[in-house]
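Student: need coordinates for the below:
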Amino acid sequence: MDLTVISIGALSANPLWGEKQAVRTGHATTTLVRDGDATILVDPGLPAQALAARLGERTGLLPDAVTHVFLTSFHPEARRGLAAFEQAEWLIAEREREAVGVGLVQQLQAAAEAGDADLRGALEQEVAILQRCTAAPDELTANTHLFPMPGQTPGSTALLLKEPTRTVLVAGDAAPTVEHINRGQVLQTAADASAAIESLAEAVEIADALVPGRDNITPSPLRSPFAG
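Tutor: Numbering: from 1, shown residues only. Alright, predicted model coming up:
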């Protein structure tokens, strides 16, 4: 089992810094997990060309070495670079896939009723991406398991990695930044804030380290030598 942070993400606006409007381009933290024959890229947040270059810088790999892409959610900032990995299997949690699909169908119906051809075209592209994503099994590899973290979105799902000396949770936006984790706070955009807070608390309890959705890997506050 090997984990490498390929690119550290950022929030377009971080409310914990007093930011109320977008001040930068938001993109998800991208992580590479290698276990046996599987090479799994989690949340390709940068544009395809930039992410391919970063993958080479961090691992020496070309995009065609990636066997699976896993999305912790269907947020656009977590899948901007998907096009670089057409040869890989695209995976997302079944609950997230279903919830997004229902929403897209409703939006398509509304766009058709309104006669908005541009919106309908954009939504049809979203549907095509979602259809390309397969519902992920509970175990991607012997040491890589799905860990549901509902709340930020209905089907937000992390990957739980069992390394020899620690357990790591690649959390996505369910654990946005190190500051959010340490303060026990979630994003204001959470679909269900109460469920999101419960998911974050469970993640902090179970994992030795977390890869946040928009930050670098960090020890769980409960494992940190400064906790107390």
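Student: quick check: bridge partners of the closest residue in space to residue 89 that isn't next to it in sequence?
Tutor: In space, residue 89 comes closest to residue 68 once its chain neighbours are excluded; the distance is 4.9 Å by CB to CB, 6 or more residues apart in numbering. All C-beta spots, glycine's among them, are computed from the backbone N, C-alpha and C. Beta-bridge partners recorded for residue 68 (DSSP bridges): residue 40, residue 89.
Student: chain center to the helix or strand where residue 202 lies: distance?
Tutor: Using DSSP states H and E, residue 202 sits within helix 193-206. Chain-centre distance of helix 193-206: 16 Å, with CA atoms, centre = their mean, to the nearest Å.
Student: same check on stretch 16-29?
Tutor: Centroid separation between stretch 16-29 and its chain, computed with CA atoms, centre = their mean, is 16 Å.
Student: okay, the longest helix along the chain in PDB with CA atoms only?
Tutor: The single longest helix within the chain, with elements called by DSSP state H, is helix 94-114. What follows is helix 94-114, C-alpha atoms only, in PDB (Å, rounded to 0.1, in the frame of the first residue of the first chain):
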ATOM      1  CA  GLU A  94     -23.800   4.200  -5.400                       C
ATOM      2  CA  ARG A  95     -25.700   6.500  -3.000                       C
ATOM      3  CA  GLU A  96     -24.000   9.600  -4.500                       C
ATOM      4  CA  ARG A  97     -24.600   8.400  -8.000                       C
ATOM      5  CA  GLU A  98     -28.300   7.800  -7.400                       C
ATOM      6  CA  ALA A  99     -28.800  11.100  -5.600                       C
ATOM      7  CA  VAL A 100     -27.000  13.100  -8.400                       C
ATOM      8  CA  GLY A 101     -29.000  11.200 -11.100                       C
ATOM      9  CA  VAL A 102     -32.300  12.100  -9.600                       C
ATOM     10  CA  GLY A 103     -31.300  15.700  -9.300                       C
ATOM     11  CA  LEU A 104     -30.100  15.800 -12.900                       C
ATOM     12  CA  VAL A 105     -33.300  14.300 -14.200                       C
ATOM     13  CA  GLN A 106     -35.400  16.900 -12.400                       C
ATOM     14  CA  GLN A 107     -33.200  19.700 -13.800                       C
ATOM     15  CA  LEU A 108     -33.400  18.300 -17.300                       C
ATOM     16  CA  GLN A 109     -37.200  18.300 -17.100                       C
ATOM     17  CA  ALA A 110     -37.300  21.900 -15.900                       C
ATOM     18  CA  ALA A 111     -34.900  23.000 -18.600                       C
ATOM     19  CA  ALA A 112     -37.000  21.200 -21.300                       C
ATOM     20  CA  GLU A 113     -40.200  22.900 -19.900                       C
ATOM     21  CA  ALA A 114     -38.500  26.300 -20.000                       C
END
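Student: need the next SSE after it, C-terminal direction.
Tutor: Using DSSP H and E, the helix or strand that directly follows helix 94-114 along the chain is helix 117-132.
Student: how far off centre is that next one?
Tutor: Using CA atoms, centre = their mean, the offset of helix 117-132 from its chain centre is 20 Å.
Student: quick check: angle from that helix to helix 94-114?
Tutor: If you take axes from the mean of the first three to the mean of the last three CA atoms, to 10 degrees, helix 117-132 sits at 160 degrees to helix 94-114.
Student: before I go, just wanted to say thanks for your time.
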